[in-house]
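In: Task: produce atomic coordinates for the following.
(2 chains)
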Amino acid sequence: MSYTSPPIEKVFPKVESALSGLLHDGMSIMSGGFGLCGNAEACIEAIARSRVKNLTIISNNCGNAGQGLAVLLKNRQVSRVICSFVGGNPDLAELYMKGQVKVELAPQGTFAERIRAGGSGIAGFYTPTGVGTVVAEGKEVREIDGKRYVLERPLRADLAIVRAAYGDIDGNLRFYRTARNFNPLMAMAADVTIAEVDKLVHRGAIDPDDVHLPGIFVKRIVEVREHRNVIEHRTTRTLVGRAGSSGESGA
Amino acid sequence: MSWSREEMIRRAATEVLPGTVVNLGIGMPTEVANFIPLDGSVTLHSENGLLGMGPYPTDNQIDPQLINAGKQTVTALPGASTFDSALSFAMIRGGHIDLAILGGLEVACNGDLANWTVPGKLITGMGGAMDLAAGARRVVVLQSHVSKDGKPKLVSQLSLPATALGCANRVITELGVFDTAGDCFICVVRADGVNQQVIEQSTAARVLFTTITAGRG
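Out: Below you'll find the predicted structure:
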């Protein structure tokens, strides 16, 4: 073992090679992103091209506005979705209403924490969210110190595809703004995690204190310099006024 | 007369106190941000992972990777922080958010809130609504007093699926400001020119009236 010959087997030249040997029908895939913000766009497109099917997608929205993971829905590659929000995703709403895709809704905080638990060796947790609602149906509800909580179970997947701004050859990641969202959590909760980074940097380029996700959670890393970074609701103001000039309120 | 949409939003903005951390829900609550001080005395939280959210960007400030929970482009004020979704909801569930202003479909006088789904309508999912309703220290609901087909939205018992139980502290509608008080609502402010009878006729629960007379939003 030598410090002068770093292990570079994590680095893949293209998303196709990073995904090779990992895709199979019936698998579960976690995909980071809040709507179309912080998506591993190239990985999603490669999975669409692969035509792998009967997928379980674990993602907050499963694409939006016909884009991102919605392409997998349109291709009929998805049989089940675990998510928190479907608004703005007509493809998912339509397939769900027709009974062609199973949808399991989870409150967003519960969804995030279930993934965190899945990557952290936690078998379950009690949360106040969902007590007295359909979310608690069929689950243990326990009173602890005078307050009621629902037992929620962890989530894991065969594969996670995550997006980061920077990654080094050891898989240490640094995220950007609100593109972080579910990405570091999902990276922890899958058997194999592929990080799609805007910029691949050399070992030591990210200060240890600035690593948002240690490379231990990342098996494969691929640099994709160009991303579409689709804006779902472009809201702006003039410097004079304060209110937004867009008519869209978003959802 | 009743309050206009903007008067309702301005009234909701008076709920936002200096030194607090506030989450504004999607839709009309988001617009409350237009009427609160931008001097940093109020910290806005967005559950997709942003604390210290600023106003919408100017054209040349637009960053596709800096958005709010409604997926609108926003800015980050000096002193802002970004973080993952688990940490963001730890802030919510852990009681670190002083106030959430949320939209509503129904509020019961015991504080039960329904705002995420109508059976038979297109599903949208609850997103962060259940966590915010259950976790924020104070919940103010900003909604119309009756539905589009004239059904009261302030009720004695929810008819729609609940978002969270006993969570709503106050409701602001075009007719006034109403606190949830267990077996009734307490009307703490009436909108200009709105009399008790109008409120009683539009509410499917008992309403008590304080002596405070109508005030402007």
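
In: For chain A, just list every one of the helices.
Out: Ranges of helices within chain A are A:15-19, A:41-50, A:70-74, A:90-97, A:108-120, A:183-188, based on DSSP state H.

In: What's the separation between B:Pro161 and chain A?
Out: Here the criterion is CB to the nearest CB, to the nearest Å. By it, B:Pro161 lies 6 Å from chain A. (C-beta placed from N, C-alpha, C; glycine too.)

In: picking up where we left off before, deepest-packed of the helices of chain A, please.
Out: Among the helices of chain A, ranked by average contacts under mean count of other CB atoms under 10 Å in any protein chain shown, first place goes to helix A:183-188 (a mean of 28).

In: residues making contact with that helix?
Out: Residues outside helix A:183-188 that contact it (CB atoms under 8 Å, 6 or more residues apart in numbering or on different chains): A:30-33, A:38, A:58, A:112, A:115-116, A:118-120, A:157, A:160, A:162-164, A:173, A:175, A:193, A:195, A:212-213, A:217-218, B:84-86.

In: So which of these are in strands?
Out: Using DSSP state E, the members of the contacts of helix A:183-188 that fall within strands are A:Met30, A:Ser31, A:Ile58, A:Ala157, A:Ala160, A:Val162, A:Arg163, A:Ala164, A:Leu173, A:Thr193, A:Ala195.

In: separation between the first one and chain B?
Out: Relative to chain B, A:Met30 is positioned 12 Å away (CB to the nearest CB).

In: what's the helix or strand for B:Arg10?
Out: Taking DSSP states H and E as the definition, one finds B:Arg10 inside helix B:5-13.

In: Same question for B:Ser88.
Out: In this assignment (DSSP H and E), B:Ser88 forms part of helix B:85-93.

In: Which strands and helices lie in contact with that helix?
Out: If contacts are counted by 3 or more CB pairs under 8 Å, 6 or more residues apart in numbering or on different chains; DSSP states H and E, helix B:85-93 sits against helix A:108-120, strand B:43-46, helix B:129-135.

In: mind showing which ranges of the chain have poor pLDDT?
Out: The chain I'm using is chain A. Chain A contains residues with pLDDT under 70 at A:1-8, A:239-251.

In: I was thinking of chain B, sorry if that wasn't clear
Out: B:211-217.

In: related to what we said a few turns ago, neighbouring contacts of the helix holding B:Ser88?
Out: By CB under 8 Å, 6+ apart, the list of residues contacting helix B:85-93 from outside reads A:34, A:60, A:108-109, A:111-113, A:115-116, A:127-129, A:181-182, A:185, B:21, B:23, B:45, B:47-49, B:51, B:96-97, B:100, B:128, B:131-132, B:134-136.

In: one more time with 6 Å
Out: Contacts with helix B:85-93, where a contact means CB atoms under 6 Å, 6 or more residues apart in numbering or on different chains, come from A:109, A:112-113, A:116, A:181-182, A:185, B:47, B:49, B:97, B:131-132, B:135.

In: if we can go back for a sec, quick check: what element follows the helix holding B:Arg10 along the chain?
Out: Once the chain leaves helix B:5-13, the next helix or strand it forms, by DSSP H and E, is strand B:21-24.

In: Who are the contact partners of the residue in the stretch 1-150 of chain A that chain B sits nearest to?
Out: For the stretch 1-150 of chain A, the nearest residue to chain B under the criterion CB to the nearest CB is A:Gly109, separated by 3.0 Å. Residues near A:Gly109 by CB under 6 Å, 6+ apart: A:Thr129, B:Phe89, B:Arg93, B:Asp131.

In: In TSV, list those residues along with distance to A:Val11 and neighbour count.
Out: Shown next, in TSV, are those (distance: CB to CB, whole Å; neighbours: other CB atoms under 10 Å in any protein chain shown):
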residue	distance to A:Val11	neighbour count
A:Thr129	40	30
B:Phe89	33	26
B:Arg93	38	20
B:Asp131	38	32
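
In: from these, which two are the most distant?
Out: Comparing every pair within these by CB to CB identifies A:Thr129 and B:Phe89 as the most remote, at 8.3 Å.

In: Show me the common contact partners of those two, please.
Out: Counting by CB under 6 Å, 6+ apart, the residues touching both A:Thr129 and B:Phe89 are A:Gly109, B:Asp131.

In: Let me know the outermost residue of chain B.
Out: Note on chain B: the largest C-alpha distance from the chain mean falls to B:Asn60, namely 30.7 Å (CA atoms, centre = their mean).

In: That one falls within a strand, correct?
Out: No - counting by DSSP: H, G, I helix; E, B strand; the rest coil, B:Asn60 falls outside a strand, being helix.

In: rewinding a little: make a markdown table out of the ones in strands among the contacts of helix A:183-188 and add neighbour count and distance to B:Ser147.
Out: Shown next, in a markdown table, are these (neighbours: other CB atoms under 10 Å in any protein chain shown; distance: CB to CB, whole Å):
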| residue | neighbour count | distance to B:Ser147 |
| --- | --- | --- |
| A:Met30 | 29 | 38 |
| A:Ser31 | 29 | 36 |
| A:Ile58 | 28 | 35 |
| A:Ala157 | 24 | 40 |
| A:Ala160 | 32 | 42 |
| A:Val162 | 34 | 42 |
| A:Arg163 | 32 | 41 |
| A:Ala164 | 28 | 44 |
| A:Leu173 | 28 | 47 |
| A:Thr193 | 26 | 46 |
| A:Ala195 | 31 | 47 |
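
In: from those residues, which is closest to chain B?
Out: Using CB to the nearest CB, A:Arg163 is the member of the ones in strands among the contacts of helix A:183-188 that sits closest to chain B, with 9.6 Å.

In: ok, the nearest residue in space to the closest one that is not next to it in sequence - how many residues close by?
Out: Leaving out its chain neighbours, the residue that sits closest to A:Arg163 by CB to CB, 6 or more residues apart in numbering or on different chains is A:Ala40, at 4.4 Å. As a burial measure, A:Ala40 scores 28 neighbours (other CB atoms under 10 Å in any protein chain shown).

In: List the buried residues for stretch A:80-91?
Out: By 16 or more other CB atoms under 10 Å in any protein chain shown, the buried positions in stretch A:80-91 come out as A:Val81, A:Ile82, A:Cys83, A:Ser84, A:Phe85, A:Val86, A:Gly87, A:Gly88, A:Asn89, A:Asp91.
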